[in-house]
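Trainee: Generate a structure from the sequence data that follows.
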Amino acid sequence: MKIRLADGSGFIELRHLVEDVDRRGHVRVYYRRKGRPKVRLHAPFGSDEFIAQYREAHAGVPQQPPAADVPRRGPAKPGSLRWLIEQYYGSAEFRGLEDSTQHARRLILDALCEELLNTDDLRSPGTGAARYSLMEPKHVRKCRDRKAEWPESANGRVKALRQVFAWAIEAGHAKSNPAKDVPYLKGSGTGFHTWTIEEVRQYEQRHPIGSKARLALALLLLTGQRRSDIITFGKQHVREAKNVPANLRTVHRGRWLAFTQRKNKKRKPISLMVPLLPELEEIIATTPCGDLTWLVTQFGQPFTSPGFGNWFRVRCDQAGLPHCTAHGLRKAGATIAAERGASERQLMAIFGWQTSKQAVLYTRAAEQKVLAGGAMTLLSIEQK
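Mentor: Okay, the predicted model is just below:
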């Protein structure tokens, strides 16, 4: 297998690579050569870091595991914040979260344990560890404000601690929740950039029909679903719908996608059926696809959500769109549909929103644009 180097200086041939899929469906890439131990390459496939790890493995240099794989210290002391959080990790509430949510929450809580380890006013004499029973709202605010430059990260800390102490109260480990009344920080922007029609055309010009990159764009934009959903889509999700109204037959030919959204699938599953648009069907038909998923990796395996995000990031960069993301296409789809007259209920049906709160953001913006366009001439001083 050959891949182009990021600096454009040429290609590198990758040999002795194999992949395994763990019980959670995550794809792991290894360097395996006869007579040598198998070495896992942790970096995203094709990245500069991946190439560096590959060369080290090829040269026989021992690989250091990433920080996330380093074993933890000894058992936590009862009554410490670390002890409480480890009890939470073993709870049904935590195990009921999506795998990606569990991973993200572990990163947040483990970092907080290290930060608060030497906080003097959380330590009883001789304990040597932060005690959760001494934790007050002021400590939570300090944890939040250390990430004030990144409001989403700051709020993630507050949310994680709220969940831990809410569970601790029910489990009889705590009497109060110090994070409950600590407010979230207001975001400084509108989140992910919403693609414009011009940016979509620019991407399409760089990645023509028949390429995997174009198929990824079409699945994101023409289904309105998240990246965690579109990487699972395949022929098994296609349904032939009967009794389709005559006015809709020419639009989607009676073929639909039936699936359950992966977000909150364990807690509040949302099952949807959305029309499979002819434009999308044509792109699928002209693109090499996998067996049970239309999108597959270099090794013919389904993408993981983070893996797809990294891969799609490179495709956007190739098209000269470094500010564009997969989630920004979902926002673009909602914006386009609203500006073309989609109602709040229609948007909820497409995107799987359970309340009108999110849909209102798009319909209100579209309505404002239409009203302003029709009334702006009233400001003209030339009008009689």
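
Trainee: Tell me where the stretch 1-150 of the chain has helices.
Mentor: Secondary structure of the stretch 1-150 of the chain (DSSP state H, counting those that start in this stretch): helices at 48-59, 81-89, 92-95, 99-115, 137-145.

Trainee: scratch that, the stretch 251-384 of the chain
Mentor: For the stretch 251-384 of the chain, applying DSSP H, counting those that start in this stretch gives helices covering 278-285, 305-318, 326-339, 344-351, 357-375.

Trainee: And the third one, what does it pack against?
Mentor: Yep, that's helix 326-339 we're talking about. helix 197-206, helix 212-223, helix 305-318, helix 344-351, helix 357-375 (3 or more CB pairs under 8 Å, 6 or more residues apart in numbering; DSSP states H and E). No exception for glycine: its C-beta is placed from N, CA and C like everyone else's.

Trainee: hey, C-alpha coordinates of it in CSV?
Mentor: In CSV, the C-alpha atoms belonging to helix 326-339 read as follows (Å, rounded to 0.1, in the frame of the first residue of the first chain):
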residue,chain,number,x,y,z
ALA,A,326,-18.8,16.8,9.1
HIS,A,327,-21.1,18.3,11.7
GLY,A,328,-21.2,21.6,9.8
LEU,A,329,-22.9,19.7,6.9
ARG,A,330,-25.7,18.6,9.2
LYS,A,331,-26.2,22.3,10.2
ALA,A,332,-26.1,23.2,6.5
GLY,A,333,-28.8,20.7,5.7
ALA,A,334,-31.1,22.1,8.4
THR,A,335,-30.5,25.6,7.1
ILE,A,336,-31.2,24.8,3.5
ALA,A,337,-34.4,22.9,4.4
ALA,A,338,-35.6,25.7,6.6
GLU,A,339,-35.0,28.3,4.0
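
Trainee: How much space separates residue 318 from residue 202?
Mentor: 11 Å (CB to CB, to the nearest Å).

Trainee: So those two - more neighbours on which side?
Mentor: Comparing residue 318 with residue 202 by other CB atoms under 10 Å, the one with more neighbours is residue 202, at 17 against 13.

Trainee: Name all residues that make contact with the more buried one.
Mentor: By CB atoms under 8 Å, 6 or more residues apart in numbering, residue 202 lies in contact with 319-321.

Trainee: Output the residues you listed as TSV; include the columns distance to residue 144, neighbour count and pLDDT.
Mentor: Formatted as TSV, the contacts of residue 202 follow (distance: CB to CB, whole Å; neighbours: other CB atoms under 10 Å; pLDDT from 0 to 100):
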residue	distance to residue 144	neighbour count	pLDDT
319	37	19	94
320	37	12	94
321	33	18	94
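
Trainee: What about residue 153, how many residues nearby?
Mentor: Quick note: residue 153 (other CB under 10 Å) scores 15 neighbours.

Trainee: Give me the mean pLDDT for stretch 230-244.
Mentor: When pLDDT is averaged along stretch 230-244, the result is 85.

Trainee: got the contact list for it?
Mentor: Contacts of stretch 230-244 (CB under 8 Å, 6+ apart): 216, 219-220, 223, 252, 254-259, 262, 273, 276, 289-295, 302-305, 308.

Trainee: how does it look with 7 Å?
Mentor: 219-220, 223, 254-259, 273, 276, 292-295, 302-303, 305, 308 (CB atoms under 7 Å, 6 or more residues apart in numbering).

Trainee: Among those, name the buried ones.
Mentor: Those of the contacts of stretch 230-244 that meet the buried threshold are 219-220, 223, 255-257, 259, 276, 293-295, 302-303, 305, 308, by 16 or more other CB atoms under 10 Å.

Trainee: and of those residues, the nearest to residue 131?
Mentor: Checking these against residue 131 with CB to CB, the nearest one is residue 305 at 36.9 Å.

Trainee: got a list of what that closest one touches?
Mentor: Counting by CB under 7 Å, 6+ apart, residue 305 makes contact with 100, 227-228, 231.

Trainee: What subset of these is buried?
Mentor: So, by 16+ other CB under 10 Å, the buried ones in the contacts of residue 305 are 227-228, 231.

Trainee: Tell me the spacing between residue 140 and residue 162.
Mentor: Computed as CB to CB, the residue 140 to residue 162 distance reads 9 Å.

Trainee: Of these two, which one has the most company?
Mentor: Neighbour totals were compared for residue 140 and residue 162, and residue 140 leads with 22 against 17 (other CB under 10 Å).

Trainee: Residue 159 is in contact with the more buried one, correct?
Mentor: No. Look at residue 140 against residue 159 with CB atoms under 7 Å: they stay out of range, at 10.8 Å.

Trainee: which helix of this structure spans the most residues?
Mentor: Of all the segments of type helix in the chain, defined by DSSP state H, the longest one is helix 151-171.

Trainee: Now do that helix: distance to the chain's middle.
Mentor: Taking CA atoms, centre = their mean, to the nearest Å, one finds helix 151-171 lying 20 Å from the centre of the chain it belongs to.

Trainee: Could I get the helices of the stretch 1-150 of the chain in CSV, plus columns for mean pLDDT and distance to residue 151?
Mentor: As requested, the helices of the stretch 1-150 of the chain are arranged in CSV below (pLDDT from 0 to 100; distance: least, CB to CB, whole Å):
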stretch, mean pLDDT, distance to residue 151
helix 48-59, 78, 28
helix 81-89, 93, 23
helix 92-95, 91, 25
helix 99-115, 87, 14
helix 137-145, 92, 9
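
Trainee: Just the closest of the buried ones among the contacts of residue 305 to residue 108, please.
Mentor: Ranked by distance to residue 108 (CB to CB), the buried ones among the contacts of residue 305 are led by residue 228 at 19.5 Å.
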